[in-house]
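Asker: Got a predicted structure here, sequence first:
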Amino acid sequence: MGPPRFKELYKPVPSSREVRQRRLSHEQQLRRLHREQVFMGKRLCFRTPQESETESEYEFTPSDTAEIINGLKSGRHEERVAALTTLSTKLEQPSEALQRFVRGGECTRLLVEIVNGVDRDEKLQSLWCLTNIAGGEDAALAETALEAVPHMVPLIESSDGDLQNQAIWAVGNLAAEGEGAREQLRANGVVEALAAVLAHTQDAQVLQTACFAMSNLARRPSSYFDGLFALGVPEAVAGQLRRVGGDAGCVGELAWVCAYLTAGSSAAQLDAVLRTGAVDSLLASSAQLADARALIPVVRTLGNVAAGTDAQTHALVARPGFVAALLRGVDAAASRAVEKETLWVLASVTAAGRADVDAVVRAGVVPRLERIVARQAFDIRKEAARCLLNIAMAGRLRDLPNAALLPRFAEFVASHDDELVRMGVQYVAMLFDADPALVRAHAPVAEALETLLAITADDDTRALVSALIDGFYAEGQ
């Protein structure tokens, strides 16, 4: 008997590069949205309960406005500081009336006057206010702080760590506001000033805040992204990673800069990051990182590089600690986000060359993927299934525990997720070609295929499923 008829209906198997590029385009949008909503974006500067005597959210009356304005204009230091303290606290959760006051512009102008003054404490409190204005959810409110940017740039270069840190924090919040705000920051010299801080600071707090700001500045779109490489930002990050060693807070923030420098970057830019040794330092540090907030940007950086050229993927897989880091991430059941990010990386690796697939299979990734496909939530199972399908497509189908996997992929065929359905059908078709007896022995496969045939509107899927069903019942004919 000749080969099964359904084999002729296989779509051409995409190349590893095509697979990774399709995934990269889709996942960049998902990852960017997830990251901006959960991890970075903006950061308000909160006071401790001991510092704040009142609730931050309250009805801000005209008399309150007048009191703050009078305080900011007062000739007495104590009254100015008291007004600044009250304002910064209320800006944590500003009422509508307070937002109207800030949007009016006088608030920012008064704060700029104080920033340009000589009293250190007043300058710091004024920067605190600007930080929280820039950190507001309302774009019109946040953008009023852009007026203060030219006056904050000298403080970014200040030798006073507290003033420097607060000024950087404020511009970091502004950089999260959007492309227009970032371009204004660049025009005022913020990018160059931050690159210098990133390269030279020895202060852990300033370093972390500078990384937060640089991560936001490195977001796309921007006209100056290539300039970050010319300014030596990747080299600065690599140097700081070597210096800070196991400081999880610093490593996590530095990793976010790496994640943005490698997201959707050109092959030449990825090579530039790899040459700095930053990825090697992240791999070395990842074994000691227990906090998901620090691990996620590390894994995301690895994923961005793994989505590069075949040579870059192979160079990454060959790096000491890379495969071990993937296994730790896949085992990170306590952190769903880390597990899912790692599976994204693994999907790119298993879509690469056979040598890279062999490396992760030898390391023991298949039993872990089988566990995830059997027990985890559907979205996590989907990523693990993609990796298993890639391994099968690389010529290692017979190395998979197919008797255990077949029922799971049959569930995918019967699911309501189009992508899961396609993966389920493709796996069943490949396995039927290799071991038809195993597929026929699992009755739910035929039931799932028949149900899918009755409801699918996709012509290619219908043709493949129809041929599979014919083959399923063709034994002995």
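Answerer: Perfect, thanks for sending it. Residues are numbered from 1 along each chain as shown.
Asker: rest of the way, CA atoms for contacts and neighbours
Answerer: Noted.
Asker: any weak-confidence spans in the stretch 1-150 of the chain?
Answerer: Counting by pLDDT under 70, the stretch 1-150 of the chain contains low-confidence ranges at 1-40, 47-60.
Asker: Let me see the ranges of the helices in it.
Answerer: When secondary structure is read from DSSP state H, counting those that start in this stretch, the stretch 1-150 of the chain shows helices at 16-38, 62-73, 77-90, 96-103, 106-115, 120-134, 139-143, 149-156.
Asker: want to throw those helices into TSV with mean neighbour count and distance to Q184?
Answerer: Shown next, in TSV, are the helices of the stretch 1-150 of the chain (neighbours: other Cα atoms under 10 Å; distance: least, Cα to Cα, whole Å):
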stretch	mean neighbour count	distance to Q184
helix 16-38	14	21
helix 62-73	16	27
helix 77-90	20	24
helix 96-103	18	19
helix 106-115	19	17
helix 120-134	26	14
helix 139-143	19	11
helix 149-156	20	9
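Asker: Export these as TSV, with columns for distance to S281.
Answerer: Supplementary listing: the helices of the stretch 1-150 of the chain in TSV, determined by distance: least, Cα to Cα, whole Å:
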stretch	distance to S281
helix 16-38	22
helix 62-73	47
helix 77-90	38
helix 96-103	44
helix 106-115	38
helix 120-134	32
helix 139-143	36
helix 149-156	27
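Asker: end-to-end on stretch 280-296?
Answerer: The stretch stretch 280-296 measures 16 Å between its terminal residues, going by Cα to Cα, to the nearest Å.
Asker: ah, wrong one, I meant stretch 263-272
Answerer: The straight-line separation of the ends of stretch 263-272 (Cα to Cα) is 13 Å.
Asker: which other residues reach that stretch?
Answerer: Residues external to stretch 263-272 that are found in contact with it (Cα atoms under 8 Å, 6 or more residues apart in numbering): 24, 28, 229, 234, 262, 301, 304-305, 308-309, 312.
Asker: With secondary structure and distance to V149 as new columns, can those residues be given to me in a markdown table?
Answerer: Rendered in a markdown table, the data for the contacts of stretch 263-272 read as follows (DSSP: H, G, I helix; E, B strand; the rest coil; distance: Cα to Cα, whole Å):
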| residue | secondary structure | distance to V149 |
| --- | --- | --- |
| L24 | helix | 35 |
| Q28 | helix | 30 |
| F229 | helix | 23 |
| P234 | helix | 25 |
| T262 | helix | 28 |
| T301 | helix | 30 |
| N304 | helix | 32 |
| V305 | helix | 34 |
| G308 | coil | 37 |
| T309 | coil | 40 |
| Q312 | helix | 39 |
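Asker: Of these, which is the nearest to A404?
Answerer: L24 (29.9 Å; Cα to Cα).
Asker: tell me which residues of the helix or strand harbouring A272 are tucked away?
Answerer: Secondary-structure assignment from DSSP states H and E places A272 in helix 267-276. Within helix 267-276, the residues that count as buried by 16 or more other Cα atoms under 10 Å are 267, 269-274, 276.
Asker: re the thing from before, which one of the helices of the stretch 1-150 of the chain lies closest to V360?
Answerer: Ranking these by their distance to V360 (criterion: Cα to Cα) puts helix 16-38 first, at 15.9 Å.
Asker: quick one on the thing from earlier: quick check: next helix or strand after the helix holding A272?
Answerer: Scanning forward in sequence from helix 267-276 by DSSP H and E, the next helix or strand is helix 278-286.
Asker: follow-up on the earlier one: which one of the helices of the stretch 1-150 of the chain lies nearest to L289?
Answerer: Set against L289 and scored by Cα to Cα, the helices of the stretch 1-150 of the chain come closest in helix 16-38, at 18.8 Å.
Asker: how much distance is there from the helix holding A272 to the middle of the chain?
Answerer: Taking the mean C-alpha point of helix 267-276 and that of its whole chain, the gap between them comes to 19 Å (Cα atoms, centre = their mean, to the nearest Å).
Asker: what angle do that helix and helix 278-286 make?
Answerer: Compare the direction of helix 267-276 with that of helix 278-286 by axes from the mean of the first three to the mean of the last three Cα atoms, to 10 degrees and you get 50 degrees.
Asker: mean confidence for stretch 317-324?
Answerer: Averaged across stretch 317-324, pLDDT comes to 95.
Asker: and it, how far apart are its ends?
Answerer: Between the opening and closing residues of stretch 317-324 lies a distance of 10 Å (Cα to Cα).
Asker: which residues touch the spatially closest residue to S126 that is not a sequence neighbour?
Answerer: In space, and not counting its chain neighbours, S126 is closest to L111: 5.5 Å by Cα to Cα, 6 or more residues apart in numbering. Contact criterion Cα under 8 Å, 6+ apart gives 72, 126-127, 129-130 as the residues in contact with L111.
Asker: Brilliant, that's me finished.
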